[in-house]
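Visitor: Got a predicted model here, sequence first, then my questions.
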Amino acid sequence: MKGFHKIAFVLLVIGGLNWLLVGVLGWDLGEIFGGQGEIISRIIYILVGISALIELFGHKNVCKECMSPSAPMPKA
């Protein structure tokens, strides 16, 4: 699971930077591959989305800081 965490993290960073570019410059990285309709762009978007789900549901299982006994408990 640790390997999936690292890959998911990298893909989430790529996705986050893409959204930054869309918001600031109006430019989508998917345009490099021919736009959102192209299969390679769709595969990348799907992988970024799956990465978000992996991090959402598996983060606490692999995050050392979250599992640390001295880590602050989140407020409800």
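Guide: In hand now; what should we look at?

Visitor: how close does the spatially most central residue of the chain get to G49?
Guide: By Cα atoms, centre = their mean, the chain has its centre lying nearest to L12, at 1.8 Å. If you measure L12 against G49 using Cβ to Cβ, to the nearest Å, the figure is 10 Å. Quick note: C-beta positions are derived from backbone N, CA and C, even for glycine.

Visitor: one step back: touching, the residue nearest to the centre of the chain and A52? I think so.
Guide: Yes - here L12 reaches A52: they are 6.2 Å apart, a contact under Cβ atoms under 8 Å.

Visitor: thinking again about what came up before, can you tell me the helix or strand for the residue nearest to the centre of the chain?
Guide: L12 belongs to helix 2-25 when assigned by DSSP states H and E.

Visitor: Residues in contact with that helix: which ones?
Guide: Identification of contacts with helix 2-25 by Cβ atoms under 8 Å, 6 or more residues apart in numbering yields 27-30, 44, 47-48, 50-52, 54-55, 58-59, 62-63.
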